[in-house]
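Visitor: kindly generate the corresponding structure for this input.
(2 chains)
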Amino acid sequence: MLFEFLRDHRERIAAKWFDSAVKTYPSDSAGFLAKQKDQFANPVGVTLRTATQRLVGELCGDMNSSVILEAVDDLARIRAVQDYSPSQALALLFDIKRIVRDIASDILSDSKAVDELFEFDSRVDLVILHAFDRFEAKREKMFDIRTREAQRRVQKLTERVVGTDSQDDSV
Amino acid sequence: MSDDMPKPEQLAQISYGPPPKNWMDNPVKFRTGTFNYSANPDSARYVDFPYPRKWMPMEDDWQLPENWQEIILNGLKDRLNKYRTLRVFMDICVRCGACADKCHFFIGSGDPKNMPVLRAELLRSVYRNDFTTAGKILGKIAGARKLTVGVLKEWFFYFFQCTECRRCSVYCPYGIDTAEITMMVRELLNLVGLNIDWITTPVANCFRTGNHLGIQPHGFADSLEFAVDELEELTGVRVEAPINRKGAEILFVAPSADYFATPHYYTLLGYLALFHEIGLDYTWSAYASEGGNFGLFHSAETMKRLNNKIYAEAKRLGVKWILGGECGHMWRVLHQYMDTINGPADFLEVPKSPLTGTVFENTKSTKMVHISEFTADLIKHDKIKLDPSRNDHWRITYHDSCNPARAMGLLEEPRYIINKTCNNFFEMPENTIREQTFCCGSGSGLGTDENLEMRLRGGMPRGNAARYVRDKHGVNICLCMCAIDKATLPAVMDYWAPGVEIGGVHEMVGNALILKGEKERDTDLRGTPLVGKEGTGDV
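Guide: A predicted model of the protein is given here:
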């Protein structure tokens, strides 16, 4: 019952979620992130919009894991390099719970809908746990990149001094 | 549960959005990973930079000289009188917003102070306060503010974030060059000893030994010899790499990373193979062994000192003209500043290709030709034999490096070369290439590992476009013509578009070039097997 309602209001829910995500940026930037639709001129805004839309589709659909993982990976890749603490970076995902409660408030007096709400919350929790993993993986990736970059910067000098065996470009 | 722990319903109400504050009331935070470390005082002393000292941006006390405000305001006054452009740039902006969303750092971070208009406002507000009547009388209402330590820290943070790529300038209806505003503020910061190490130490090294790592002449010679050996192993052809040879027709200057870093090194192998094949009468110089001019990122005076080395060497060696390699900011300096700071180079001849007879009229004053112009001309006149199928294992896109593209207009030559040496070339989307190209996010001295998080924000628009062609066309390499790109884009690709490598245009030339007397080529210059030769070589 709730899921059917959510599917019917999918676009509205995604739009509200996107709005709340954009508001985590300074107000002077939020307008641009929301309005510019070109994915190359505004990769952050477009990625946030696409990822929230896809996640809403799965949260009230069949929870396709590859779609979910791709969407949270896209989100985590961006948020992990921006000026947020880990909790701030992922807080936007929690907001879907509030948005769904607001939109579905009229039908939440029904016990069946409440049962489905628990199910929905569990789904959101699962998405957030995946996002946490992806976020952490991106931060680790950055450390890996730093190491590889340091190697590359003087790779040929090092090879001459210590030989090629100590240098592994595929690290 | 402790008393200060929020209840679940309170947690749900927490706003993670930033507080709505006026930009002037939002002090800068130095978060690790988003700024560059300060200059090593020994390096600063070596090149006579003022107030060398140990300090760090994240510390509260920057140990500024007592009269720092006076020094900076006098410095600003001097520059307003010296550079008409600066005064025009300070007065003319109408805040139309055309530049606002064009900066790669703004796009990647969402930080409004990276809107070029607002970044310039960081300086303009002080200019208004101390140099305009309206600002003196009306203060904040007229957009003016006093120069405080907080403002100074903000300058340091944001003007060592701008990569001077000039994408915003392309869109400005008044032609305001935000990069020049950045250059002015960096000059002012230098007056009170606020420099970053990845500019100051390379400047000191280039000044002392000729290249940014401070490699001495015998090390430089050794590096080239090593490349000659490796090229022989790969192609079976022994080439020469003459150094400091007086009387050569041409002096060749490349960025120093070409001979000790990867993937730059494969471009060096490409140059060596090409020059050998056409029998070019040329020489390297151990003293001008760095094309990259880190002085551009510091001050006009430092830029002049480093640029002068190239011409001093050209004079000493008695060459006729200069050929320059795949470098970025070397060309900005050459094309836009050299003529007035050290030129005209009257002692040299107008460059003429010894192979085709083409006279490079466009370099009449500087006497320095970009290698992509030179090579495109060779190919156009059918002077070299190429086998593009040797690059068939690469699916290629091209990143217009900011300085050759926007500062020089070299848009067609590299594409012409790529199309003649490769079979699989795919452009990135239109609003991310040519004049509108997105910066690597690490130019102008910001390509340090301590600044990686900020660089990845700045590199996002470029990485995003590369990811698009990777997914659409299976692109696996992005070519570019700048040493900073080659050093820092691998990180950008690793993060935003994994699977896309970085290479140089002349690396592809070297792969495709059929050398007289070469052995059967099984691999490219990286040692990667060619298509159809997998498992046949002793890789």
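Visitor: from now on I want contacts and neighbour counts done on CA atoms only, so please keep to that.
Guide: OK.
Visitor: got the contact list for the residue nearest to residue B:142 when sequence neighbours are not counted?
Guide: Setting aside the residues directly before and after it, residue B:142 is nearest to residue B:135 in space (Cα to Cα, 6 or more residues apart in numbering or on different chains), at 5.5 Å. If you count contacts by Cα atoms under 8 Å, 6 or more residues apart in numbering or on different chains, residue B:135 has them with B:128, B:129, B:142, B:143, B:144.
Visitor: quick one: which of those sit in helices?
Guide: Assignment to helices by DSSP state H places the following of the contacts of residue B:135 there: B:128, B:129.
Visitor: quick check, nearest of the contacts of residue B:135 to chain A?
Guide: Comparing the contacts of residue B:135 against chain A with Cα to the nearest Cα places residue B:143 closest, at 16.8 Å.
Visitor: can you tell me how far the nearest residue to that closest one once chain neighbours are set aside sits from residue B:30?
Guide: In this structure, residue B:143 finds its nearest non-sequential neighbour in residue B:125, 5.7 Å apart by Cα to Cα, 6+ apart. Per Cα to Cα, to the nearest Å, residue B:125 is found 22 Å from residue B:30.
Visitor: give me the more crowded residue out of the two.
Guide: In terms of neighbours (other Cα atoms under 10 Å in any protein chain shown), residue B:125 is the more surrounded of residue B:125 and residue B:30; the figures are 24 against 15.
Visitor: follow-up on the earlier one: out of the contacts of residue B:135, which is most surrounded?
Guide: Using other Cα under 10 Å as the neighbour test, those are led by residue B:144, with 26 neighbours.
Visitor: need the contact list for it.
Guide: Residue B:144 makes contact with B:124, B:125, B:126, B:127, B:128, B:129, B:135, B:136, B:138 under the criterion Cα under 8 Å, 6+ apart.
Visitor: rerun that using 7 Å as the cut-off
Guide: Residue B:144 makes contacts with B:125, B:126, B:128, B:129, B:135, as judged by Cα atoms under 7 Å, 6 or more residues apart in numbering or on different chains.
Visitor: what is the nearest of the residues you listed to residue B:480?
Guide: Residue B:480 has its nearest neighbour among the contacts of residue B:144 in residue B:125, at 37.6 Å by Cα to Cα.
Visitor: wait, is the closest one part of a helix?
Guide: Yes - if the criterion is DSSP: H, G, I helix; E, B strand; the rest coil, then residue B:125 is within a helix.
Visitor: pLDDT at it, what is it?
Guide: The confidence metric pLDDT takes the value 96 at residue B:125.
Visitor: surely it touches residue B:141?
Guide: No - the criterion here is Cα atoms under 7 Å, and residue B:125 misses it with residue B:141 at 10.7 Å.
Visitor: burial of the residue nearest to residue B:336 when sequence neighbours are not counted, as a residue count?
Guide: The shortest distance from residue B:336 to any non-neighbouring residue, by Cα to Cα, 6+ apart, is to residue B:407 (7.3 Å). By the criterion of other Cα under 10 Å, residue B:407 has 20 neighbours.
Visitor: next one: residue B:407 from chain A, what distance?
Guide: 22 Å (Cα to the nearest Cα, to the nearest Å).
Visitor: phi, psi for that residue please.
Guide: Torsion angles at residue B:407 (phi, psi; degrees, to the nearest 10) stand at phi -90, psi -30.
Visitor: from residue A:74, how far out is it?
Guide: Taking Cα to Cα, one finds residue B:407 at 34 Å from residue A:74.
Visitor: how about the residues of chain A by chain B?
Guide: Counting by Cα under 7 Å from any Cα of the partner chain, the residues of chain A close to chain B are A:23-29, A:40, A:42-44, A:81-82, A:88, A:145-146, A:149, A:152-157.
Visitor: show me just the buried residues among those residues.
Guide: Among the residues of chain A next to chain B, those buried by neighbour count (16 or more other Cα atoms under 10 Å in any protein chain shown) are A:23-29, A:40, A:42-44, A:81-82, A:145-146, A:149, A:152-157.
Visitor: for residue 69, which non-adjacent residue is closest in space?
Guide: Went with chain A since none was named. Spatially, and ignoring its direct neighbours in sequence, residue A:69 is nearest to residue A:130 (7.0 Å; Cα to Cα, 6+ apart).
Visitor: other chain: chain B
Guide: Distances taken as Cα to Cα, 6+ apart put residue B:147 closest to residue B:69, at 6.9 Å, once the chain neighbours are dropped.
Visitor: sticking with the residue nearest to the spatial centre of chain A, tell me its helix or strand.
Guide: What sits nearest the mean C-alpha location of chain A, by Cα atoms, centre = their mean, is residue A:75, with 2.7 Å. Per DSSP states H and E, residue A:75 falls inside helix A:65-79.
Visitor: neighbouring contacts of whichever helix or strand comes after that helix?
Guide: Counting by DSSP H and E, the next helix or strand C-terminal to helix A:65-79 is helix A:86-103. With contact meaning Cα under 7 Å, 6+ apart, helix A:86-103 is reached by A:13, A:17, A:21, A:79, A:80, A:121, A:128, B:16.
Visitor: same check on stretch B:291-298?
Guide: B:183, B:186-187, B:199, B:202-203, B:253-256, B:302-303, B:306-307, B:327, B:329-330, B:444-445.
Visitor: on that earlier part again, switch the contacts of residue B:135 over to JSON lines, and while doing so, append pLDDT to every line.
Guide: As requested, the contacts of residue B:135 are arranged in JSON lines below (pLDDT from 0 to 100):
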{"residue": "B:128", "pLDDT": "96"}
{"residue": "B:129", "pLDDT": "96"}
{"residue": "B:142", "pLDDT": "88"}
{"residue": "B:143", "pLDDT": "90"}
{"residue": "B:144", "pLDDT": "92"}
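Visitor: and the longest helix that chain A contains with helix A:86-103, angle?
Guide: The longest helix of chain A (DSSP H) is helix A:111-153. Put simply, helix A:111-153 runs at 150 degrees to helix A:86-103, going by axes from the mean of the first three to the mean of the last three Cα atoms, to 10 degrees.
Visitor: how much space between the residue in chain A that chain B sits nearest to and residue B:501?
Guide: With Cα to the nearest Cα, the shortest gap between chain A and chain B falls at residue A:24, namely 3.9 Å. From residue A:24 over to residue B:501 the distance is 33 Å, taken as Cα to Cα.
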